[in-house]
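J.: Below: sequence and its predicted model.
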Amino acid sequence: MELELRHLRTVRAIADAGSLTRAATALGLAQPALSAQLKRIERALGGALFVRGRHGVRATALGELVLERSRIVLPAVTELQQEAARFARAPRTARHLRLGGTHGPLLGALVDRLAGVAPEARMTTCTSWSERELAGQLSDGRLDFALAGTCGSAAPPGAEGLVWREVAVDPVFVMVPGGHPLAGRPEVDLTDLAGEEWACVPGDGCFGDCFTASCARAGFTPRRMYETDTASLVHLVRVGRAVGLCRATFPTTPGIVTRPLTGTPLAWRHLLGWHGAAHLPDLTATVLTEARTAHADVAAGSDSYTAWLSAHPVPYAGGRPG
């Protein structure tokens with residue numbers, strides 16, 4: 001067994017507690033498990049580190065040596081981790097942008113816009129269905145910007161030091177196959193879908209609860225909900241297995257039509273996030289502006305959304321709330 005930092009922390013915990021029993025409690029371990037771990041550490045180091053007595057444990061000469069070195073090594077590693085985190089969150093230039101986003105067309109449109117205004121920049125992307133995961137990557141300095149979202153007016157993903165700005169607000173549309181009886185309507189009442197099964201992409205916000213509540217107000221309980229990736233969602237809709245729930249910006253897809261819901265019972269708020277200590281103001285302003293323009297470009301590519309916006313210019317005109 002090779003010695004690891006966690007082993008040094010275990011030795012320090014035993015020495016600080018003065019007994020295996022108290023150390024096990026502090027570490028959240030059973031005493032037999034801690035004893036077995038200590039034996040493995042001692043075998044790796046070549047001798048006993050502690051002597052047990054009636055009043056607890058005391059370090060052997062070898063144990064004192066290990067403790068003395070751990071007092072140097074552990075703080076140094078902690079300082080290294082802190083410096084690395086500060087470095088990762090340091091202000092960056094446009095030479096390399098790490099962008100994250102949930103699944104959908106907006107991230108690609110933003111990359112396209114930024115490539116146009118900063119052709120020299122290198123960009124990498126990361127997608128996740130979890131807004132919380134994206135927030136964590138921003139907080140850890142692994143992403144520079146992230147496109148996430150919330151259902152309606154729900155609070156954005158929480159993490160200390162993060163800043164979120166609204167990019168746009170979309171109504172939630174339904175996806176049905178082109179041959180569906182409701183496909184020819186300009187909008188669909190939720191009550192007309194009471195007998196359908198449903199499909200949507202997963203998320204860790206309140207969208208599922210909000211959808212269920214909207215159905216309850218419409219007088220029914222939704223049948224089975226398939227939570228799956230976008231490609232599988234499209235397949236389930238195309239074959240008539242389910243009605244899909246999507247943002248209004250969902251691109252036109254052969255064999256499928258998207259239609260607004262009467263009264264707009266559900267909305268999705270697109271957000272751009274970054275760490276408050278991590279960016280130059282000019283860079284942040286540029287990315288936010290391009291994200292809003294990218295949304296407008298994507299919205300313009302959807303015939304059903306364009307028609308809906310013409311009939312509902314407020315508060316969604318330009319994708320921005322009034």
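T.: On my side now, so go ahead.

J.: domain ranges for the chain?
T.: 5-88, 96-319 (automatic domain parsing).

J.: Now the shortest one: average pLDDT?
T.: Read that as domain 5-88. Per-residue pLDDT over domain 5-88 has a mean of 87.

J.: Residue 145 bridge partners, please.
T.: residue 99 (DSSP bridges).

J.: Count the neighbours of residue 299 for me.
T.: Neighbour count for residue 299, taken as other CB atoms under 10 Å: 23. Bear in mind the C-beta positions are built from the backbone N, C-alpha and C, glycine included.

J.: helix or strand right after the helix or strand hosting it?
T.: For residue 299, the host element (DSSP states H and E) is helix 281-300. Next along the chain after helix 281-300, taking DSSP H and E as the criterion, comes helix 303-311.

J.: Give me the distance between that next one and the centre of its chain.
T.: 30 Å (CA atoms, centre = their mean, to the nearest Å).

J.: Chain neighbours aside, what residue packs nearest to residue 196?
T.: residue 243 (4.5 Å; CB to CB, 6 or more residues apart in numbering).

J.: I'd assumed residue 194 was in contact with that neighbour.
T.: No. Using CB atoms under 8 Å, residue 243 is not in contact with residue 194; the gap is 10.7 Å.

J.: More neighbours: those two, which one.
T.: Between residue 243 and residue 194, counted using other CB under 10 Å, the more crowded position is residue 243 (24 against 14).

J.: contacting residues for the more buried one?
T.: Residues in contact with residue 243 (CB atoms under 8 Å, 6 or more residues apart in numbering) are 174-176, 193, 196-199, 237.

J.: circling back to that earlier point, of the domains of the chain, which stretch is the most buried?
T.: Among the domains of the chain, domain 96-319 has the highest mean neighbour count (mean count of other CB atoms under 10 Å), at a mean of 18.

J.: Now do that one, average pLDDT.
T.: 90.

J.: can you give me how far that domain is from the chain middle?
T.: That offset, for domain 96-319, works out to 14 Å (CA atoms, centre = their mean).

J.: And for stretch 28-38?
T.: Stretch 28-38 sits 36 Å away from the centroid of its parent chain (CA atoms, centre = their mean).

J.: outside of that stretch, which residues touch it?
T.: Contacts for stretch 28-38 (CB under 8 Å, 6+ apart): 7, 10-11, 14, 20-21, 23-24, 27, 49-50.

J.: can I get those in CSV with distance to residue 67?
T.: Formatted as CSV, the contacts of stretch 28-38 follow (distance: CB to CB, whole Å):
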residue, distance to residue 67
7, 12
10, 12
11, 7
14, 10
20, 16
21, 19
23, 13
24, 18
27, 16
49, 8
50, 10
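
J.: From the residues you listed, which land in helices?
T.: 7, 10-11, 14, 20-21, 23-24, 27 (DSSP state H).

J.: Switch those residues over to JSON lines; also include distance to residue 132.
T.: Listed next are these as JSON lines, based on distance: CB to CB, whole Å:
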{"residue": "7", "distance to residue 132": "32"}
{"residue": "10", "distance to residue 132": "31"}
{"residue": "11", "distance to residue 132": "35"}
{"residue": "14", "distance to residue 132": "36"}
{"residue": "20", "distance to residue 132": "38"}
{"residue": "21", "distance to residue 132": "37"}
{"residue": "23", "distance to residue 132": "33"}
{"residue": "24", "distance to residue 132": "32"}
{"residue": "27", "distance to residue 132": "28"}
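
J.: hmm, back to that, from residue 187, how far off is the residue nearest to residue 196?
T.: 14 Å (CB to CB, to the nearest Å).

J.: need the contact list for residue 57.
T.: Residue 57 touches 14-15, 18-20, 50-51, counting by CB under 8 Å, 6+ apart.

J.: CA atoms of stretch 40-49 as CSV?
T.: Coordinates of each C-alpha in stretch 40-49 appear next as CSV, following Å, rounded to 0.1, in the frame of the first residue of the first chain:
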residue,chain,number,x,y,z
ARG,A,40,-2.3,-1.0,7.2
ILE,A,41,-0.7,2.5,7.5
GLU,A,42,1.8,1.1,10.1
ARG,A,43,2.7,-1.8,7.7
ALA,A,44,3.3,0.7,4.9
LEU,A,45,5.6,2.8,7.2
GLY,A,46,7.4,-0.1,8.7
GLY,A,47,6.5,0.1,12.4
ALA,A,48,4.0,1.0,15.1
LEU,A,49,2.9,4.6,15.2
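
J.: and residue 272, what is it in contact with?
T.: Counted by CB under 8 Å, 6+ apart, residue 272 has contacts 145-147, 164-165, 167, 287-288, 291.

J.: That one belongs to a strand, doesn't it?
T.: Yes. Using DSSP: H, G, I helix; E, B strand; the rest coil, the secondary structure at residue 272 is a strand.

J.: how near is it to residue 162?
T.: On the measure of CB to CB, residue 272 and residue 162 end up 11 Å apart.

J.: That'll do, ta.
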